[in-house]
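**Q** got a structure for you, letters missing:
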C-alpha cells in the first residue's frame, strides 16, 4: 500500500466509521448468525495475491458488520457499557500510526510520561486520594488492558508484601487466604488461580440484602483463618458489582484490613468513572484506605477498549512482584530512578502508547461531555425505575443509584428468563441475565453514548408488551 | 466532536501519519529529552474547557514526536523489530471504530470467528504442524497481546495438566520445576513468579558455544530433580533467543520432554515469522512435538503492536487453567460447544477485535510483501556480516542466520560499550547492548520496514569511524 493509497483508503475508512456510528440504529443489536456462519462466508485460505482495500471493506459490509453484536447501539443494555468516542478513536489511530513500543521509558519517553500525566489528570478529575498520585511518596498509577489484569496485579503485589518478597523465589503461597463476596468479579477467582493460590483459599464473605459485604463476617472469617494458622492477605471491596452494581462498605472493610494486614483492593471497574461528576463522587467512599484501585474509562467514559486505570498506594510492592531486568533492557534513565519503566507494572513486557486516546478525549471533548453523558444515563435509569415501579408485573430487586436497573418478573424465574429471550430475539435490544440470591434477573444497563430517552422508553414498552 | 469534525480531523490525522512514516528519517531515532521533560512541556492539569483537535496535534508535533524513540525509523537497529504497515494501521482503526468487545463468541461472533480464521491462515502460511490447527482434534490458536502472556499461558496450562487440574483449587505448585537456558526470555522468570512457582524452581540449563540448550544437561537435570522428589513440568525451547537469536534443539528437547512428561513450549516470538518464506522454514524445526508455540506478527510482519499468535496442541489444558463461567457470561452458543469463548484462552476477560489488522494486512499487502521484506532484511544482515568480517577490529560473536548480528570490538568490553554509546549519541542509529558469556556485545538488528542497504552501510561506516 503506497502512502497515496493509505491516504485515500484511510479517508474512506474514517468516513465509513462515522457512517457506522451515526447509523448504527439501523442495524440489529445482535447478529442472527449461528456459530461458524461468519467464517463460512470468508475465504478459508489466505489470498494468493492481494485483493485490496475495497475488497476488504466489501467483506466488512457483507460479513463482519452483520456478524457482530453492536456494543455502540442505543439498544445495547447488556453486560456493561463499552462506549467509545470520536476523539478516542483518533487517539487510537495515532497510537497505531506512531508504532511505538513503550515497555521502558527509554524506548518511548513521551509514551511513558504522557501515561503518567494522564493517570494524574484522571486522579484529579475523579478526586482520588493523594496516596495514588504519581507525585506522592509511595503511590502511582498505570494503564492496564483490563480490570482483570488490575485484579491480578493487586494480588501479586499483596502476595509479595505479605511474604516480604520471598514468594518470588520459593513460590510458597500455601497459607495465603483472600476474601471477597460472591458478587465480586470473576477475575478474582481467575487471578487467584493464576497466582498459584487456588480457589480453596478464596473465602466467600456473606453479603447483606443489598448485596454488599458484611464486614462483621469478614472479621470473623479472618480470625478463624488466622486461628487455623493461615495468613489472610488480600480483600476485594467492590464499588459496583457486575450483577447488581452493589457497593461494599470500604471504610468498614478497611478497618479490618488494616488490623489484619490485608491488602485492600477496590474494584470500581464498571462505574468508578461516575466520580467525574461531583454528585456521584460518593462512589469513592473509603478509597483513602485502599492499597489499590481500578476503574475503566473503556466502560463508561467513551474511551475505546482497552483502557483500565490502576492505581496503587504501594508501588514498591507492585514493582517487587513484577520487575525483571535482563541485560538487554538496562538503561541509565531507569537505573537513576528518574524514569518509570512501565513494563514492571504489568504482566506483559510490551505496551502500546495507550494514553493518547485519553489525552485526545479529554482535550477534544473534555470531561464535561463525559459528566453530561453520565448524568443523562443515571437520569434515564431513574426514570425507567419509576416506570417499572408503576407496573405491578415487575419488581426492582436491587438498589439503582447509577445506571443499572435489576428487574425480575413477579411471575417467577421462568417468566423472567422467557422475557429476556423474547426481547433479545427482536434484535432491537440486548439484555443480559444474572442471578441474585438464586433468582433470575434482567439487567437493564444504560451506558451506550447513543442511548436516549426514546430508546429506553421503547425498550421498556417492549418488555411490557412481551411479559 | 461532531461526525463532520471527526471526518475532517480524521482525514488530517491519516495524512499526518503518512507524512510521519514517509519522512521519519528526518527525525533523530532517539529523543534528547531527559526524564520529566516531556511532562513539563504539557499542561499539568486537565483542561477546564476543550481546546480541540488542532491544539492536540500541535502539541503532538511540539512535544510528543520529539519525545519519542522512533521504532519505525530506518536507523532503528535496537531490541527487536516492531514494524507496522499501512494496512495494519487501517485494520486497527476499524477495530477502534467498531468498538466491539470480543470476550465471548456471543458478544461479537465475527470478532471470534475472524480471529480463529486468521490463526488458521497464519498456521497455513507458516507451515505449522496440523496439531495446532483449529480443525485438529485437540489444538487451536488465539491472539494474545504479547509473547509474555503466551509464556504465562503455557506455564498455566502445563501446571493444570501436571496436577490434573487440582492446582486450580489447592494452588499447590511446591514440587513443580521448569527448565530454560540463561538465553531464554525474561518473561519465563516473570511467568513462573506470577504462577506462584518461584524462581528457585527455574533450572538454568547450560548452553553450548552457539548459545543453544544442551539436551544432555536437560536430561540430567530432570533426572536429578525427579530423584529429589520434585516434578519437572515445563521446558522452553527458544527459536531465536533475544540476545543472539540462538535456536535451541527442539527435536532433541522434545524427546526428553515426552519421556519426562514436560510441557514443551517453543518461543518463536522474535523471528518465527521468517517461516513465511520457504527457505527459512527451518525455524519451525521440531514444532510437531511442541505443546505450545508463539510468534509475533507485531515484531517482524508489519502488524502494529499488539499481536502475538499463540497455538496450543492441548486446548483442554489451557481452558482448564483459565476458564471461569459466572452467570452473567453464560451463553447457549458456548455451552453447546459450537463456539469459542476466547476470554477462557487468556488472562484478561475483555478483548478487542484484534484480528482485523492481520486480515487487512494479508488481503491488502499480502504475504508476499512480508516475504520480500524478510528476505531483504536477512540479505542485508549477511552483507553486513561480510563487511564486519573484513574489519579486523571487530568480531562476530554468534551465528547470524537471519536478521540479527552480534558484534564485539576486539579491544574489549569497554571499547564495545563506548562504541554503542557514541553511535547512539549521534541520534542517527540506535543499538542495544547485551552480554554473551560475560562479554559486552553490540546487537545489530535489522527489521524496520524502512531500512535499506544505504542505512545499514551508513550505520556500519559510523561504527567503523567511531570505534
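**A** That came through, no problem. In this text the structure is predicted, and so the values were computed from the model without any measurement.

**Q** How many neighbouring residues does the residue in chain A that chain B sits nearest to have?
**A** Checking chain A residue by residue against chain B with C-beta to the nearest C-beta singles out residue A:196 as nearest, at 1.9 Å. The way it works is simple: take the backbone N, C-alpha and C, and place the C-beta from them, glycine included. Counted with other C-beta atoms under 10 Å in any protein chain shown, the neighbours of residue A:196 add up to 29.

**Q** Report the separation between it and residue B:127.
**A** Counting by C-beta to C-beta, to the nearest Å, the gap from residue A:196 to residue B:127 is 36 Å.

**Q** again, but for residue A:27
**A** 39 Å.

**Q** Tell me which of those two has more neighbours.
**A** residue A:27 (17 against 13).

**Q** That one is in contact with residue A:74, isn't it?
**A** No - in this structure residue A:27 lies outside contact range of residue A:74 using C-beta atoms under 8 Å: 10.6 Å.

**Q** Relative to the whole chain's centre, how far out is stretch A:48-58?
**A** Here the centre of stretch A:48-58 is set off from its chain's centre by 35 Å, with C-alpha atoms, centre = their mean, to the nearest Å.

**Q** and it, does that touch chain B?
**A** Yes - using C-beta under 8 Å from any C-beta of the partner chain, stretch A:48-58 reaches chain B at A:49, A:50, A:51, A:52, A:53, A:55, A:56.

**Q** out of these, which is most surrounded?
**A** residue A:56 (25 neighbours).

**Q** what about residue A:29, neighbour count?
**A** Burial measure for residue A:29: 25 neighbouring residues, criterion other C-beta under 10 Å.

**Q** ugh, wrong one, residue A:130
**A** If you count neighbours by other C-beta under 10 Å, residue A:130 ends up with 12.

**Q** how near is it to residue A:268?
**A** From residue A:130 across to residue A:268, the span is 18 Å (C-beta to C-beta).

**Q** Would you mind giving the secondary structure of the residue of chain A closest to chain B?
**A** The three-state label for residue A:196, taken from DSSP: H, G, I helix; E, B strand; the rest coil, comes out as coil.

**Q** Stretch A:135-148: which residues count as buried?
**A** Residues of stretch A:135-148 classed as buried under the neighbour-count rule (16 or more other C-beta atoms under 10 Å in any protein chain shown) are A:139, A:140, A:141, A:142, A:143, A:144, A:145, A:146, A:147, A:148.

**Q** Looking at those residues, which are in helices?
**A** With helices defined by DSSP state H, the entries of the buried residues of stretch A:135-148 inside them are A:147, A:148.

**Q** where in chain A is pLDDT low?
**A** Scanning chain A for pLDDT under 70 picks out the ranges A:327-330, A:334-336.

**Q** domain parsing for it?
**A** Domain assignment for chain A by automatic domain parsing gives A:1-30+A:69-84+A:366-467, A:93-364.

**Q** Pick the most deeply packed of those.
**A** For the domains of chain A, average neighbour numbers computed from mean count of other C-beta atoms under 10 Å in any protein chain shown are highest in domain A:93-364, which has a mean of 23.

**Q** For the longest helix seen in chain A, which helices and strands make contact with it?
**A** For chain A, the helix with the greatest residue count under DSSP H is helix A:367-389. Using 3 or more C-beta pairs under 8 Å, 6 or more residues apart in numbering or on different chains; DSSP states H and E as the contact test, the elements touching helix A:367-389 are strand A:394-396, strand A:404-409, helix A:453-466.

**Q** List the contacts of the last one.
**A** Contacts to helix A:453-466, defined as C-beta atoms under 8 Å, 6 or more residues apart in numbering or on different chains, come from residues A:74-75, A:77, A:380, A:383-384, A:387-388, A:391, A:393-394, A:407, A:419, A:422-423, A:426, A:428-429, A:442, A:444, A:446.

**Q** Now the residue of chain A closest to chain B: closest residue in space, sequence neighbours ignored.
**A** Among residues not flanking residue A:196 along the chain, residue B:196 sits closest, at 1.9 Å (C-beta to C-beta, 6 or more residues apart in numbering or on different chains).

**Q** Run through the residues that contact the one you found.
**A** Taking C-beta under 8 Å, 6+ apart as the contact definition, residue B:196 lies against A:159, A:167, A:171, A:173, A:195, A:196, A:197, B:171, B:173.

**Q** Pop out the phi and psi values for it.
**A** The phi and psi values for residue B:196, taken as degrees, to the nearest 10, are phi 70, psi 30.
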